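# Show me how the following folds:
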Amino acid sequence: MAEHISGAAAPPDGPYDADVVILALDRPAETIAAIASALAQRVVSRHVFVVDQGSRPEAVAQLAAAVAERRDATLVRLERNHGVAGGRNRGSALGHGRVIFGLDNDAEFAAPDTLARAVAVLDAAPDLAALGCRIVRHDTGADDLLSWGYPRRLLPQAGTCFDAVTFVGAGHAIRRTAWQQTGGYDAALFFCWEEYDLCLRAIGRGWRIRYCGDLVVRHRICGEQRLAWSGRRWFHFVRNRLYIGRKYGSSWTALLPRFGGYLLKGMCNGMFWETLRAWPAAMRLARSRCLEPLSGSARSYLHQNDLLPRGNWLVRLRQEVLAALPHD
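Numbers count the residues shown, from 1 in each chain. The predicted structure is shown next:
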């Protein structure tokens, strides 16, 4: 259950353009900056939901002060940390704007009309389920390479727009009807790959995903939250990706080469056991879910907008496995 802490008790009764959902877990200074950025968005009707998932009391108090007496923002507190997927589901369900914009609590809109333009993109393309923004470093304005969730070959096109198979969670917009049709995020993922999973369900239902390089979100690099090789993060990364592969029709045998690549990366980065235990964990997770094999048209979309830009298996091995190994 979400406990109301501060700000408006509910969003407006009538229709409005967008809900901005910001998950909070400590980092009050960065979160307050994200809230201020969302509240500064112009030429758009919106409501800001801040969903706290276990911050320290002093941090919650600071967030409460940031939205106190606001009619266009609400702070709620969940009884525990439901992860990125579960937290976004709960925050999104609180509103009824026709667009749901997810903004990380260490990110900010780069311009005061970014939200309005994101809404306009979705309004102009009825078959578009979601869009991902260009994520740049807050300090330099350069592309945040750790937040590039697309084929590496497309990085030179970071300032353009193209169809994609996922979006990056730091800054993205989802059409509410698509979110409802797909059932939202798979909360079992907790974090890692939840955006990709949602997009696969949308693509399987005939929707498109779009990367919009002209919509920019500035992302602070918070090192303590972005440990690429932390055991917990790597376990979820491997488990969730294998589970998603099985969920959408791949056999466990077909997933063995991918697991082998992960095992090599994990072994070379001191995460061998985390990688090894991810396989049975993925199998247990898959047993508790209904499989959703993708249609031929959905697989064609994935091939055109993901596999082709990544190149053949040798290129992918070099870029996605060997390049990630530690070097002297």
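# what's the residue most central in space within the chain in contact with, if anything?
Nearest to the mean C-alpha position of the chain, counting by C-alpha atoms, centre = their mean, stands Gly169 at 2.5 Å. Gly169 is in contact with Val84, Gly102, Asp104, Glu194, Glu195, counting by C-beta atoms under 8 Å, 6 or more residues apart in numbering. In short, each C-beta sits where N, CA and C put it, glycine included.
# Among those residues, which one has the most neighbours?
In terms of neighbour count, Gly102 stands highest of those at 28 neighbours, by other C-beta atoms under 10 Å.
# Model confidence score at that residue, please.
Gly102 carries a pLDDT value of 98.
# What of Glu194?
Predicted confidence (pLDDT) for Glu194: 98.
# Tell me who's in contact with the closest residue to it other than its chain neighbours.
Ranked by C-beta to C-beta, 6 or more residues apart in numbering and with sequence neighbours excluded, the top spatial neighbour of Glu194 is Ala85, at 4.1 Å. By C-beta under 8 Å, 6+ apart, the residues touching Ala85 are Tyr185, Asp186, Ala187, Ala188, Leu189, Phe190, Phe191, Glu194.
# Quick one: list the elements packing against the helix or strand hosting Phe101.
Secondary structure assignment for Phe101, by DSSP states H and E: strand 99-103. For strand 99-103, the elements it packs on are strand 18-24, helix 28-39, helix 114-124, strand 171-175, helix 176-182, judged by 3 or more C-beta pairs under 8 Å, 6 or more residues apart in numbering; DSSP states H and E.
# Let's have those in JSON lines, adding mean neighbour count.
Below are the helices and strands packed on strand 99-103 laid out as JSON lines (neighbours: other C-beta atoms under 10 Å):
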{"stretch": "strand 18-24", "mean neighbour count": "26"}
{"stretch": "helix 28-39", "mean neighbour count": "20"}
{"stretch": "helix 114-124", "mean neighbour count": "19"}
{"stretch": "strand 171-175", "mean neighbour count": "28"}
{"stretch": "helix 176-182", "mean neighbour count": "18"}
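# Turn these into TSV, columns for mean pLDDT.
Shown next, in TSV, are these (pLDDT from 0 to 100):
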stretch	mean pLDDT
strand 18-24	98
helix 28-39	98
helix 114-124	98
strand 171-175	98
helix 176-182	98
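# got the domain boundaries for the protein?
Listed domain ranges for the chain are 2-225, 231-324 (source: automatic domain parsing).
# pLDDT wise, what is Gly223 at?
pLDDT, Gly223: 51.
# Please apply the same query to Arg316.
Looking at Arg316, its pLDDT is 62.
# Number the chain from 69, please
In the new count, where the first residue is 69, that last one comes out as Arg384.
# So what would you say the end-to-end distance of stretch 286-302 is?
One end of stretch 286-302 to the other measures 25 Å (C-alpha to C-alpha, to the nearest Å).
# how about His150, what does it touch?
His150 makes contacts with Gln121, Asn157, Arg158, Ala255, Phe258, as judged by C-beta under 8 Å, 6+ apart.
# Now tabulate the helices and strands packed on strand 167-171 in a markdown table and tack on distance to Gln225.
Formatted as a markdown table, the helices and strands packed on strand 167-171 follow (distance: least, C-beta to C-beta, whole Å):
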| stretch | distance to Gln225 |
| --- | --- |
| strand 86-92 | 26 |
| helix 96-107 | 26 |
| helix 182-192 | 17 |
| strand 239-243 | 18 |
| helix 244-250 | 24 |
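# quick one: which of those is nearest Gly317?
Nearest of the helices and strands packed on strand 167-171 to Gly317, taken as C-beta to C-beta: helix 244-250 at 16.7 Å.
# Output the contacting helices and strands for the closest one.
Helix 244-250 packs on strand 167-171, strand 196-205, helix 262-272, going by 3+ C-beta pairs under 8 Å, 6+ apart.
# quick one, strands of this protein?
70-75, 86-92, 114-120, 141-146, 167-171, 175-177, 196-205, 229-232, 239-243, 276-287 (DSSP state E).
# Let me have the ones you listed in TSV, extended by distance to Leu131.
Listed next are the strands of the chain as TSV, based on distance: least, C-beta to C-beta, whole Å:
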stretch	distance to Leu131
strand 70-75	7
strand 86-92	6
strand 114-120	6
strand 141-146	5
strand 167-171	14
strand 175-177	16
strand 196-205	23
strand 229-232	32
strand 239-243	20
strand 276-287	20
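# Out of these, flag the one nearest Ala108.
Closest among those, using C-beta to C-beta: strand 175-177, at 7.4 Å.
# Can you pick out the most distant pair from the contacts of Gly237?
Greatest spatial distance in the contacts of Gly237: Asp172 and Glu262, 13.1 Å, computed using C-beta to C-beta.
# For Arg156, give me its contacts.
So Arg156 contacts Val89, Leu91, Gly170, Gly252, Tyr253, Glu262 (C-beta under 8 Å, 6+ apart).
# The fifth one against Cys260, yeah?
No: taking C-beta atoms under 8 Å as the definition, Tyr253 is not a contact partner of Cys260, at 11.7 Å.
# Neighbour count for the two, which is higher?
Neighbours were counted for Tyr253 and for Cys260 using other C-beta under 10 Å; Tyr253 has more, 25 against 22.
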